[in-house]
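Participant: Give me the fold of what follows.
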Amino acid sequence: QVQLQESGPGLVKPSQTLSLACTVSGGSITTNYYYWNWIRQPPGKGLEWMGAIAWSGNTYYSPSLKSRTSISRDLSKNQFTLQLSSVTPEDTAVYYCARSNTIPVLTTTQGSWGQGTQVTVSS
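Facilitator: Residues are numbered from 1 along each chain as shown. Predicted coordinates for the structure are as follows:
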């Protein structure tokens with residue numbers, strides 16, 4: 001059974017770059033036809049799909065975040081990462097990584113999810 005675990009700093013200063021990693025166990029991130037996603041949920045708001053990296057290495061981004069988002073992977077660690085640049089307090093959210101068969105991921109019923117990590121943007 002695949003398991004996903006987010007890691008990274010819980011506090012980021014405005015204008016800096018938020019960097020998170022998702023470590024995957026119980027399955028390879030190169031397994032055919034899976035997408036590896038980043039999703040976030042700001043306080044009091046719904047889920048927002050940010051983007052994904054496919055088994056092939058292709059990347060896909062939400063149009064609203066594309067200019068600030070980069071998703072990459074480290075095959076040696078079976079890990080994929082999120083970088084979100086020029087953060088503001090509006091980027092404060094719980095950040096989740098998830099595996100799915102389709103994109104975008106819009107509900108928690110899609111695929112397998114990590115437990116999430118709180119990131120606060122504040123000076």
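
Participant: Disregarding flanking residues, what is the spatial nearest neighbour of Glu6?
Facilitator: Thr117 (4.2 Å; Cβ to Cβ, 6 or more residues apart in numbering). Where C-beta positions appear, they are placed from N, C-alpha and C, glycine not excepted.

Participant: same thing with Asp91?
Facilitator: Leaving aside its sequence neighbours, Asp91 sits nearest to Val121 (Cβ to Cβ, 6+ apart; 5.0 Å).

Participant: For the one you found, give its distance to Ser15.
Facilitator: 9 Å (Cβ to Cβ, to the nearest Å).

Participant: Which one's more surrounded, those two?
Facilitator: Val121 (19 against 11; other Cβ atoms under 10 Å).

Participant: distance of that one from Gly8?
Facilitator: Using Cβ to Cβ, Val121 is found at 13 Å from Gly8.

Participant: how about the most centrally placed residue in the chain, secondary structure?
Facilitator: Nearest residue to the geometric centre of the chain (Cα atoms, centre = their mean): Trp38, 2.2 Å. Assigned with DSSP: H, G, I helix; E, B strand; the rest coil, Trp38 falls in the strand class.

Participant: Leu47 is in contact with that one, correct?
Facilitator: No - between Trp38 and Leu47 no contact is recorded; they are 11.2 Å apart, counting by Cβ atoms under 8 Å.

Participant: joint contacts of Val121 and Gly8?
Facilitator: Counting by Cβ atoms under 8 Å, 6 or more residues apart in numbering, the residues touching both Val121 and Gly8 are Leu18.

Participant: Much appreciated, bye for now.
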